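**Student:** Show me the folded form of this:
(chains A and B)
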Amino acid sequence: MPLNRDFVGRTYQASAPYEVSRVKISEFATAIGDDNPIYHDRQAAVAAGHPDVVAPPTFPIVFSLLGTGDALTDPALGLDFSMVVHGEQRFEYERPIQAGDELVCSSTIAEIRSVGRNEFLTVRSDVHTTSGELVCRTYNIIVERGGAA
Amino acid sequence: MAATVKYDDVETGQEIPAAEYRVRRVDLVRYAGASGDFNPIHWNERHAKAVGLPDVIAHGMYTMAQGGRFVTDWAGDPGAVVEYGVRFSSMVVVPDDDNGATITISGIVEEKREDKRVVVTLTARSGDSRVLSKARAVVQLT
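**Tutor:** Got it, this is the predicted structure:
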């Protein structure tokens, strides 16, 4: 079933800021197999010139879709999650995410299009600190296999 | 917080040697927990096959993260990465054995920009498949 294009342009935000902890950064780095001490040890991060441990480049995936959770599972959108795969992902960084950041993520359904038998849905997320500093932007394209058939 | 690679030491077309990254079922379970992505196609073979996949497949973001490691290990500092994007062009199928799958990543310096930034393009393969396409990072060198 084609996705409901009425959702294009809608913006969502999680109910509370995402608090970045040293423990979570270390857990995520361990899960991707990266033992770089900058991710695990505050002193190593400071020695490298960072204020605290920083997160690996793909860390924003942990929180960047939290705000859209309800929208993507809304029956009115028509997305069959059992057929979803990840199509594309891109990050633009103003600075690395670091422990202690409190991040507000504003996510917009930027585009829905059909490619062959599949539906492509793009979510753009703007990530700011609670004081308004832009930290990064993320672009997430998910593919519903067979959705446009 | 700066790359250890010097802009002046890098040439367009320069190759970054390949590295191999192992991915086993346990790695996907751990990644599911850390990332919050519990889609069963990444850990439940019965479910994966029921939706038409050959077997359990790795999270695309797990593969992308290995590309991220490749770039940050080369650059010397995660903070040097100013942009990173990929297209997931093929699946990394992860069998239920002790070896799992292997992702082989290599890179090339595609372009030197004016502001001491370089564009690195990545090639990621698993088995006979190219698992990432349009994989590129913009890195701030010193």
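**Student:** What is the neighbour count of B:V118?
**Tutor:** For B:V118, the number of neighbouring residues by other C-beta atoms under 10 Å in any protein chain shown comes to 23. (Each C-beta comes from the backbone N, C-alpha and C, glycine too.)
**Student:** do the same with B:P54
**Tutor:** Here the number of neighbours of B:P54 (other C-beta under 10 Å) works out to 11.
**Student:** could you check whether the helix or strand bottoming out on mean pLDDT in chain A is close to chain B?
**Tutor:** When each helix and strand of chain A is scored by mean pLDDT, DSSP states H and E, helix A:69-72 comes last, with a mean of 84. No. Applying C-beta under 8 Å from any C-beta of the partner chain, one finds helix A:69-72 separated from chain B by no less than 10.0 Å.
**Student:** for the helix or strand just after that helix, packing partners?
**Tutor:** Sequence order places strand A:84-93 as the next helix or strand after helix A:69-72, per DSSP states H and E. With contacts taken as 3 or more C-beta pairs under 8 Å, 6 or more residues apart in numbering or on different chains; DSSP states H and E, strand A:84-93 sits against strand A:134-144, helix B:60-75, strand B:81-88.
**Student:** Sheet-wise, list the partners of the very next helix or strand once past strand A:84-93 with their directions.
**Tutor:** Following the chain from strand A:84-93 toward its C-terminal end, the next helix or strand by DSSP H and E is strand A:102-115. Take DSSP bridges as the rule and strand A:102-115 pairs in its sheet with strand A:11-13 (antiparallel), strand A:18-19 (antiparallel), strand A:118-129 (antiparallel).
**Student:** what distance separates the host helix or strand of B:Y21 from the centre of its chain?
**Tutor:** Here B:Y21 sits within strand B:15-23, counting by DSSP H and E. Once both centres are worked out by C-alpha atoms, centre = their mean, to the nearest Å, strand B:15-23 turns out to sit 9 Å from its chain's centre.
**Student:** For the residue of chain A most remote from its centre, list the residues it contacts.
**Tutor:** Residue distances from the centre of chain A (C-alpha atoms, centre = their mean) peak at A:A47, which lies 28.5 Å from the mean C-alpha position. Residues touching A:A47, when contacts are defined by C-beta atoms under 8 Å, 6 or more residues apart in numbering or on different chains, are absent altogether.
**Student:** Would you quantify the distance from it to B:L122?
**Tutor:** As judged by C-beta to C-beta, to the nearest Å, A:A47 and B:L122 stand 28 Å apart.
**Student:** Nearest residue to the middle of chain A?
**Tutor:** Looking at chain A with C-alpha atoms, centre = their mean, the centroid-closest residue comes out as A:S64, 2.7 Å off.
**Student:** From what I see, that one and A:N140 are in contact.
**Tutor:** Yes. Under the criterion of C-beta atoms under 8 Å, A:S64 is in contact with A:N140, at a separation of 6.9 Å.
**Student:** anything in contact with each of those two?
**Tutor:** Taking C-beta under 8 Å, 6+ apart as the contact criterion, the common neighbours of A:S64 and A:N140 are A:V123, A:S125.
**Student:** hang on, the earlier thing: and the pLDDT at the residue farthest from the centre of chain A?
**Tutor:** For A:A47, the model assigns a pLDDT of 94.
**Student:** quick one, phi psi at it?
**Tutor:** The main-chain torsion angles of A:A47 are listed as degrees, to the nearest 10 and equal phi -60, psi -30.
**Student:** B:R25 too?
**Tutor:** Backbone torsions for B:R25, taken as degrees, to the nearest 10, come to phi -50, psi -40.
**Student:** Who are the contact partners of it?
**Tutor:** Residues in contact with B:R25 (C-beta under 8 Å, 6+ apart) are B:W43, B:V56, B:V94, B:D96, B:G100.
**Student:** If we use 10 Å, what do you get?
**Tutor:** When the contact criterion is C-beta atoms under 10 Å, 6 or more residues apart in numbering or on different chains, the partners of B:R25 are B:H42, B:W43, B:E45, B:V56, B:A58, B:V94, B:P95, B:D96, B:D97, B:D98, B:G100, B:A101.
**Student:** Please name every helix or strand in contact with the least confident helix or strand of chain A.
**Tutor:** With contacts defined as 3 or more C-beta pairs under 10 Å, 6 or more residues apart in numbering or on different chains; DSSP states H and E, the packing partners of helix A:69-72 are strand A:11-13, strand A:102-115, strand A:118-129.
**Student:** what does it rub up against?
**Tutor:** Residues lying outside helix A:69-72 but in contact with it, judged by C-beta under 10 Å, 6+ apart, are A:3, A:7, A:10-12, A:14, A:65, A:77, A:79, A:81, A:84, A:107, A:109, A:121, A:123, A:142.
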